[in-house]
Structures are given as C-alpha cells and as structure tokens.
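K.L.:
could you look at this predicted model? Sequence included:
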Amino acid sequence: MAQEAMMFTGKLFPYQHEGVARILSDRRLLVAYSMGTGKTVLTIAAMEEMFGEGDVRRCVILVPSSLKWQWAQAIAQFTDAPRRTVKLRGMKLVVPVEEVCVVINGSKAQRQKQWQTAQHSEYIVASYGSVLHDWSQLCAVPADALVLDEATAIKNFAAMTTKRIKKLKPPVRIALTGTPVENLPEEVFSIMEWVNSKILGRWDLFDKSFIQRNWFGAVIGYKNLDLLNRNLRRSMIRKSRMDPEVAQYLPEVSETTRLVQLDKTTRAIYKAILVDLQDAMRELTEAGDDFDVAAYYAGVKSEGKGAQGKVMARIQAARMLLDHPQLLMDSAVAYHEGKGHGSRYAADFAASRTDLPDLNSSPKLIALDELVATMVAEGAKIAVFTDYRRLLPYLVERLEKHGDLVQFHGQLNADQKASAVAKFKTDPDCKLFISTNAGGYGLDLPEAQYLINYDLPYSNGVLAQRNTRHVRASSHYDRVHVTNLVVESTIEERVQATLRLRQSLSLAVIDGTGAGELDMDVESLSENISRTF
C-alpha cells in the first residue's frame, strides 16, 4: 500500500495541536503531556503528517510490553489503514494489516519472521525487551523515526536498555512520558541525553549546576531548578492536566485517604518490627555516608547489604505486615525455599515470634472489601493497585464475590495482558481490574470510575502513573475517584508524606512550580522514620 493512501482520521483536542506542531518542527522532542491527555494520538497525527510529506518512511515505537497491542489498536483507530482482527485468549482486537503495522510479539521464531516483515512496514511496535533480545534485528530496520513511549524506561544511566537505545539516533526522536522526573532530576537528564544531548550538556556540568553533594559525594539536595526547567523547555513540550485548556476535556478527580486502624495483636507485632527498625536506624546514623539516601528516595527496595539493607528489610517487613500478615510469612517461606526470593529478615523475625496474628485477618483487606461492595452496588468498575504480586491471590479470594475480575501483573505475557485489559473494557460483568504496578504505565482504563491504592508505592512517578489510569480524555465519567488506603499511625503515613515531597520536586523541574526541596541527609531520614513509632 502506498504511503500517500494513509491519513490521520482522528480528532485532536485544541491543546494537542501544539504538541503535533512541535514534533513536526523540532523532530527531537520530549512530549511531557500529563497522563491521559492523548500523547499517543497526537504522536500518530504527527507521524502521519511526516509519512505524507515523505520525511519518514518507517517508524519504530518502543513501549512497555503491556502497551504493544494498545498502540496497534490506536493506529487502526486513528488512521484509515486497512485492518485485520487478531484473537488473544478469546478477545478480539482490531489492528492494522502487517503491511502497515507489525507488532513484534511471541516466540523467537515468530519474532524473526515479524522483523523480516517489518523491513517493509510503516510502523513497527516492539517492547523494550527487544532492545535486549532482538538487538541485531532492531538495528537492521531502516527507521527514520523512533518513539519511546513511557520514556522513563531510559532514566537509569547504567541499564543496558538505556545504553543501547542511546546508540539509536534516527533523525526523528520522540520521547513520551507524563513523568520525566519520577523521583530525581537525574532521570530527565538521561532521557534528554537521547532526545537532544545539547539541551542539558555534559553530565559534569549538569551535576555542578543542579545537584548538591556533601564532602563524600553523596547527593543531599538540588538547586537552580528554575533554570533547569527553562533549559528543558527548549526541547520539551509540557501540558498538565491542571492547565485550564486541558482540564476542560478531562474528568474531575476526587482523591481521598481512608485511614485503617490495626487490631491490637497486629499493632503489637508491628511495633516489634519498628523496634528492630530503630536499632537499624541507629546503626545507619553511625554509618552515615555509607547509606544511599538517594536510592531510598528513588524507591529502591532491595535489601542489599550493610546499614541500608537492614533499614530497607525492616521497612519492607512492616509494610507487608500492614498489607496482609500472610505476606510476611510468604516472604519468610520463600527465603527458606532458597530460590532467590523472600526476605532473610522476615524469615528470622517470623521464627522468633510465637504471637503472630491470624494470618487470614487483615484490617486493610476488610476495608477494601467494604469499599468495593459500595462501589459495585453503584454499578461502577474499579481498578485496584498494589506493590506486591504475592498479594493478588488474597485480593482475588476476597473480592471475587463482587463479580468477574481480571488480574494484571508483570509475569503475564503481552497477549495475556492485552486480553485482561480487553475483558475489563468490554465485559459489563467484569467489575474489577486488580493489578500490580505493571498495570500502572500507559494503560487506558476510561471505563473505571474508581481507583483504589491498596498500598502506596515508593516512587512518586509510579503513583502518578497509577492514579491517572482512569483520568482520560476518553473517560466515561465527568468525575472519577482515587482512594488511598493508609494504616493510621504507621510508616504508611510517612510514605504518603514523602511522596508529596517528591511530587513537589518533580513539579519544580517539569512545571516550574513546587518547592523543589527534599531532605536527603541521613539525619532527616532517621527522624522521619522514627516518628512512625
């Protein structure tokens, strides 16, 4: 099919036209529109314009695995491309024919054939995993444009995926993310290094201009963030869902926190973990600069070694207990099984206690059950998010009485993920979408009226992504709701407060607003954690 025959057939909102114009003029751009504002559709509009002008013959789109089929569906929806129907685990999806759009998916043999077909297609949609597993095939595609959806995939300088993507430098480079600073300003430097390395310059100069370090080289804060924002805007277009020209097209959002009270027995166990945490914090204060505070604020959860490992392990144990006591025991059992999973601290702690609470009782799960019952009675659909994949069976067991549901997590393949999303969207009896953070990036869930955070993630970026899955221009509702379940007088309240601080830092960099302040010294961290006792 000749490229001239394809046209963009979608309808853009007024605020999206500026994004299309900037892509067409700049060709190398960070599109930092808020989640739900239509980055996908405006990118397709710009690509179709470049296809029509002959400036681009082939576009590779790299996405999280869960979004591959969503992008293919969007290309079919917003262009006049010839279409085909694919079946995924009983669900039917309409996507373009392979002469227009190839989705790299399946076994190694299947992907080999798809890459061969891709040599002659206009769009190639592949996951970031292709950068690791199909690198030679990816490099062999003569692409004029590369789009990175959820571009925080390259926020980590050291990751092999990041290093390889930065070797790919076609004339048109578009990075899409509503959260270019998830937790720390260094992340947007890494993204911009690929988009246009001239904007923020060399790393050593960026470090001196915007990062505060102590005598030992550890990051303790940030500075000159107004200047960083101005520099970014030379090659970044930003639209926030709070901007008046955007807000009128999105549903209003009501966010509330429901405080949960622990029963007496679980509270006693929680305090015992915090005694261990205080001991670790004292050791941490003495170790001082050996602790990577920046990693803590970036949401690194690995137990690791030394003072940092001890603190992280105890924080994790406390949070698992608050979610569901069985999680703590599951972590202990997994450690003893010796398969590289589970927590040694959880195993040691469980072995030392004879007064563990009823493993089938969770005050937070009871609160969730009550909330869902009320929402389902209204006829609503609900998305529920958690940090822990091991928690999903317990949520399913408790909530399946409220109607059909789907699970979404990182161990599903792309077809299973697409099928789960399609069922939630199209089946009126499917009321619940129960997901780990794997479902927090890029998914469109406009059918949901309610979103419940069963627990809060460490990362501000993850939370911002989660909370906007149903805040879409295509929402079925004028008003949608976010509810955070937080156990009262526990570390969960401190996590929520820290997330607000990180949000303020992110706004300072990306929107030029916010305080831009975040205490990143060991003493402040120790004080914050101690307050939860």
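P.N.:
On my side now, so go ahead.
K.L.:
residue at max distance from the center of this protein?
P.N.:
Of all residues in the chain, T354 has its C-alpha farthest from the mean position, at 38.6 Å, by CA atoms, centre = their mean.
K.L.:
what does the pLDDT read for it?
P.N.:
With respect to pLDDT, T354 scores 73.
K.L.:
roughly how far apart are it and K417?
P.N.:
Applying CB to CB, to the nearest Å, the value for T354 to K417 is 42 Å. Yep, even glycine has a C-beta here, placed from its N, CA and C like the rest.
K.L.:
how would you label the residue farthest from the centre of the chain: helix, strand or coil?
P.N.:
coil (DSSP: H, G, I helix; E, B strand; the rest coil).
K.L.:
now do stretch 147-163: distance from first to last residue.
P.N.:
Using CA to CA, to the nearest Å, the end-to-end distance of stretch 147-163 comes out at 16 Å.
K.L.:
element containing L322, please.
P.N.:
L322 belongs to helix 306-323 when assigned by DSSP states H and E.
K.L.:
for that helix, packing partners?
P.N.:
Counting contacts by 3 or more CB pairs under 8 Å, 6 or more residues apart in numbering; DSSP states H and E, helix 306-323 packs against helix 264-287, helix 293-297, helix 325-337, helix 344-352, helix 491-510.
K.L.:
least confident of those, on average?
P.N.:
Mean pLDDT per stretch puts helix 293-297 lowest among these, at a mean of 50.
K.L.:
okay, and the helix or strand of the protein with the least pLDDT?
P.N.:
Ranked by mean pLDDT, DSSP states H and E, the weakest helix or strand in the chain is helix 293-297, scoring a mean of 50.
K.L.:
and P96, its phi and psi?
P.N.:
phi -70, psi 160 (degrees, to the nearest 10).
K.L.:
S107 too?
P.N.:
Note on S107: backbone dihedrals following degrees, to the nearest 10 are phi -70, psi 170.
K.L.:
swap in P428?
P.N.:
Main-chain dihedrals, P428, degrees, to the nearest 10: phi -60, psi -20.
K.L.:
burial count for it?
P.N.:
By other CB atoms under 10 Å, the residues close to P428 number 10.
K.L.:
ok, it to S435 distance?
P.N.:
Computed as CB to CB, the P428 to S435 distance reads 20 Å.
K.L.:
between the helices and strands packed on helix 306-323, which one is nearest to H120?
P.N.:
Proximity to H120, assessed across the helices and strands packed on helix 306-323 by CB to CB, is greatest for helix 491-510 (38.7 Å).
K.L.:
list the buried ones in that closest one?
P.N.:
Using 16 or more other CB atoms under 10 Å as the test for burial, helix 491-510 gives 491-493, 495, 498-499, 501-510.
K.L.:
got the domain ranges for the protein?
P.N.:
Domain assignment of the chain by automatic domain parsing yields the ranges 3-245, 252-260+361-491, 264-360+524-530.
K.L.:
so how far is the longest one off the chain centroid?
P.N.:
When distances are taken as CA atoms, centre = their mean, to the nearest Å, domain 3-245 is centred 15 Å away from the chain's centroid.
K.L.:
P457 against Y441, yeah?
P.N.:
No. With contact defined as CB atoms under 8 Å, P457 does not reach Y441; the gap is 11.8 Å.
K.L.:
now the common contact residues for these two.
P.N.:
Common contact partners of P457 and Y441 (CB atoms under 8 Å, 6 or more residues apart in numbering): none.
K.L.:
switch the helices and strands packed on helix 306-323 over to TSV; also include distance to W135.
P.N.:
Listed next are the helices and strands packed on helix 306-323 as TSV, based on distance: least, CB to CB, whole Å:
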stretch	distance to W135
helix 264-287	40
helix 293-297	28
helix 325-337	33
helix 344-352	36
helix 491-510	31
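K.L.:
quick one: closest of those helices to N105.
P.N.:
Short answer: helix 325-337, nearest of these by CB to CB, at 30.8 Å.
K.L.:
how about the helices in the stretch 351-500 of the chain?
P.N.:
Using DSSP state H, counting those that start in this stretch, the helices of the stretch 351-500 of the chain run over 363-377, 392-399, 414-426, 460-466, 491-510.
K.L.:
contacts for the second one, please.
P.N.:
For helix 392-399, the surrounding residues in contact (CB under 8 Å, 6+ apart) are 324, 326-327, 362, 365, 368-369, 372, 384, 386, 405, 407, 409, 432, 434, 436, 454.
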